[in-house]
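Participant: Return a 3D structure for these sequence lines:
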Amino acid sequence: MSKVKVLDCTLRDGGYVNNWEFGKDNIKKIVSKLLEANIDIIECGFLTQKIEYNEHCSKYDNVQRIEEFLPKERHKQEIVCMINYGEYNLDNIPECNDTPIDGLRIAFHKKDLKEALEFCKGISQKGYKLYVQPMVSLSYTDIEFLDLIKTVNEIQPYAFYIVDSFGIMKRNDLMRLYYLTDHNLKEDICIGYHSHNNIQLAFSNAQALVDLKTKRKLIIDSSVFGMGRGAGNLNTELFIEYLNDNNGGIYKSKPLLQIIDQVLNNIYLSKYWGYSLPHYISAKHNCHPNYASYLADKNTLTVEDISNILSKIDENKKNNFDKVYIENLYCTYQAHKTTNYSMIDELIDIFKDKTVIAIAPGSSINVETDKIIKEASMPDTIVVSVNFKPEKLKYDYVFVSNLRRYHELKDKSKTKLIVTSNIEVDNNVNYVISYVDLLNDVESVRDNAGLMLIKLLIKLGVKSIKLAGYDGYSYDAFTNYVEKDMAYVKKNMVVDALNAGMRKMLAQFSKQVKIDFITKTKYINMEEG
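Facilitator: Residues are numbered from 1 along each chain as shown. Here you go, the predicted structure:
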């Protein structure tokens with residue numbers, strides 16, 4: 001029967017969800033409850049010199065900081081911390097005997113292999129239980145992986161890991177790497193498995209390892225409630241039940257349920273993690289899940305479009321998230337068509353020196369309908385709606401820059417449409433305008449449809465612009481829109497960035513054209529920054 005240990009990484013891998021800000025008391029509570037549940041190894045977070053220490057955060061600038069979060073009685077359970085290679089100077093790490101922890105986990109990318117293994121050797125020489133964690137294990141060829149194992153044998157760590165960084169391993173992938181490792185790694189070195197759940201196989205893969213009944217000592221990583229970036233991780237509470245039923249485990253589930261109830265559930269409700277189509281697609285394309293998250297947060301793309309963009313990522317860019325790179329790919333993808341500039345001339349003839357009412361789909365238009373109707377009745381006024389067709393209001397044109405919104409529009413042939421060039425259109429569209437020409441410099445709202453319309457209207461020489469439904473974003477997504485099924489649920493930090501970006505761009509545009517608000521808005525004081 002195999003000897004399986006559970007390593008809980010809630011405070012480390014789970015911290016990607018909430019920026020590691022669990023709170024001092026909650027960090028203590030999580031550690032205490034994990035010990036009470038008999039979890040074998042508890043990872044307290046990251047050790048890094050790239051932070052200003054915050055006692056409410058599970059990132060530590062030195063090892064001694066961890067002691068205040070640990071109870072005096074720990075029994076035989078082990079406490080570890082992780083270092084991302086390159087984030088800590090080896091000379092600043094004390095001997096293990098002088099610290100409150102038992103081991104250090106060293107994570108590194110393939111590009112840093114040689115230097116990282118030298119760092120690992122130094123950690124081992126300081127007396128720590130060393131966990132060697134080569135990220136994205138599937139990025140190694142079999143020969144490269146065997147060469148890695150050969151060097152690891154010389155270092156003699158406590159554990160060597162198979163790491164499924166992108167949650168893409170199927171059972172055959174895992175078994176191939178496991179047998180390569182098992183037959184070539186020294187017998188007294190544990191084999192660890194760290195998974196992510198992008199294609200929902202973390203639990204079944206962990207079971208497959210346990211069911212091997214190998215003599216090799218195994219360490220399986222998990223987190224309470226599956227807490228982790230994107231699709232999340234293997235659930236500790238589920239896995240220990242499997243070990244209790246099938247592998248002689250003596251774990252307790254009640255303390256884990258208390259962690260969920262008292263700490264994690266509130267985080268989950270505001271910062272969701274778990275299976276999603278974008279994260280499935282990132283696994284399908286074998287790339288960092290943040291690429292999919294970044295594109296999904298745009299709320300401008302269909303799932304098919306996200307997949308198309310991910311398919312264009314260079315192989316050497318897949319393992320590390322590069323925000324500038326994916327933004328450029330996104331803009332290039334969106335700008336796949338050119339504009340017939342004669343259409344601009346036609347629109348100038350129509351809009352020049354007119355007052356334009358721009359109607360965004362904010363919920364205020366349901367409340368202040370009469371005010372909008374009154375303003376629309378004024379002479380030399382044109383009404384343009386943004387990405388939707390208002391039911392209770394008359395409009396002259398619909399401006400569309402969002403792929404998803406375009407596909408949702410009904411009766412396109414009965415509507416005068418102004419569409420940006422990122423959208424594949426049919427013969428019903430009256431005007432196609434350059435997508436790239438309407439972008440702005442603020443990343444969070446770079447291609448916000450309401451702002452793109454304002455920029456177009458300025459180009460067309462309108463006299464003034466009156467805004468309706470430009471309410472601003474709130475944390476409760478279902479209060480943002482005129483129709484609930486239009487809502488996109490966004491993280492709070494995304495909402496804050498959107499509001500700041502809108503305010504800044506509206507302030508800039510108001511210097512070029514007279515802008516007034518018809519309906520209630522968060523942006524009534526348009527100050528930059």
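
Participant: Centre of the chain to stretch 111-124, how far?
Facilitator: Counting by C-alpha atoms, centre = their mean, to the nearest Å, stretch 111-124 is centred 29 Å from the centre of its parent chain.

Participant: quick one: contacts of it?
Facilitator: With C-beta atoms under 8 Å, 6 or more residues apart in numbering as the test, stretch 111-124 has contacts from 83, 85-86, 90, 93, 104, 106, 108, 130, 132, 134, 148, 151-152, 155-157. Bear in mind the C-beta positions are built from the backbone N, C-alpha and C, glycine included.

Participant: For the helix or strand bottoming out on mean pLDDT in the chain, C-alpha coordinates in PDB please.
Facilitator: In the chain, the helix or strand scored least confidently by mean pLDDT, DSSP states H and E is helix 403-408, which has a mean of 84. Output in PDB follows, covering the C-alpha atoms of helix 403-408 (Å, rounded to 0.1, in the frame of the first residue of the first chain):
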ATOM      1  CA  LEU A 403     -19.000  40.900 -31.100                       C
ATOM      2  CA  ARG A 404     -21.200  39.300 -28.600                       C
ATOM      3  CA  ARG A 405     -23.700  42.200 -28.600                       C
ATOM      4  CA  TYR A 406     -23.800  42.100 -32.400                       C
ATOM      5  CA  HIS A 407     -24.800  38.500 -32.500                       C
ATOM      6  CA  GLU A 408     -27.500  39.200 -29.900                       C
END
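
Participant: gap between that helix and the chain center?
Facilitator: Helix 403-408 sits 23 Å away from the centroid of its parent chain (C-alpha atoms, centre = their mean).

Participant: Show me what it is packed against.
Facilitator: Helices and strands in packing contact with helix 403-408 are not found; criterion 3 or more C-beta pairs under 8 Å, 6 or more residues apart in numbering; DSSP states H and E.

Participant: List of residues touching that helix?
Facilitator: Taking C-beta under 8 Å, 6+ apart as the criterion, the residues outside helix 403-408 that touch it are 299-302, 305, 387-388, 400, 419, 422-423, 425, 449.

Participant: from the residues you listed, which would you call buried?
Facilitator: When these are checked for burial by 16 or more other C-beta atoms under 10 Å, the buried set is 300-301, 305, 387-388, 400, 419, 422-423, 425, 449.

Participant: What is the nearest of those residues to N172?
Facilitator: D305 (30.5 Å; C-beta to C-beta).

Participant: sorry, back to before: widest-spaced pair of the buried ones among the contacts of helix 403-408?
Facilitator: The widest separation within the buried ones among the contacts of helix 403-408 (C-beta to C-beta) is 19.4 Å, between D305 and F388.

Participant: ranges for the helices of the stretch 251-400 of the chain?
Facilitator: 254-259, 265-270, 277-284, 289-298, 303-310, 323-334, 341-351, 364-367, 369-376 (DSSP state H, counting those that start in this stretch).

Participant: Those helices: which one's closest to S58?
Facilitator: Within the helices of the stretch 251-400 of the chain, the stretch nearest S58 is helix 265-270; the backing value is 12.6 Å (C-beta to C-beta).

Participant: For the stretch 351-500 of the chain, which residues score under the pLDDT cut-off?
Facilitator: Under the criterion of pLDDT under 70, the regions of the stretch 351-500 of the chain flagged as low confidence span 427-428, 477-478, 483-490.

Participant: now, which of the contacts of helix 403-408 lie within strands?
Facilitator: 400, 419 (DSSP state E).

Participant: Turn the contacts of helix 403-408 into JSON lines, including distance to Q207.
Facilitator: Formatted as JSON lines, the contacts of helix 403-408 follow (distance: C-beta to C-beta, whole Å):
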{"residue": "N299", "distance to Q207": "37"}
{"residue": "T300", "distance to Q207": "39"}
{"residue": "L301", "distance to Q207": "35"}
{"residue": "T302", "distance to Q207": "35"}
{"residue": "D305", "distance to Q207": "36"}
{"residue": "N387", "distance to Q207": "46"}
{"residue": "F388", "distance to Q207": "47"}
{"residue": "V400", "distance to Q207": "48"}
{"residue": "V419", "distance to Q207": "50"}
{"residue": "N422", "distance to Q207": "44"}
{"residue": "I423", "distance to Q207": "45"}
{"residue": "V425", "distance to Q207": "49"}
{"residue": "A449", "distance to Q207": "47"}
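
Participant: from the contacts of helix 403-408, which is closest to N286?
Facilitator: D305 (18.7 Å).
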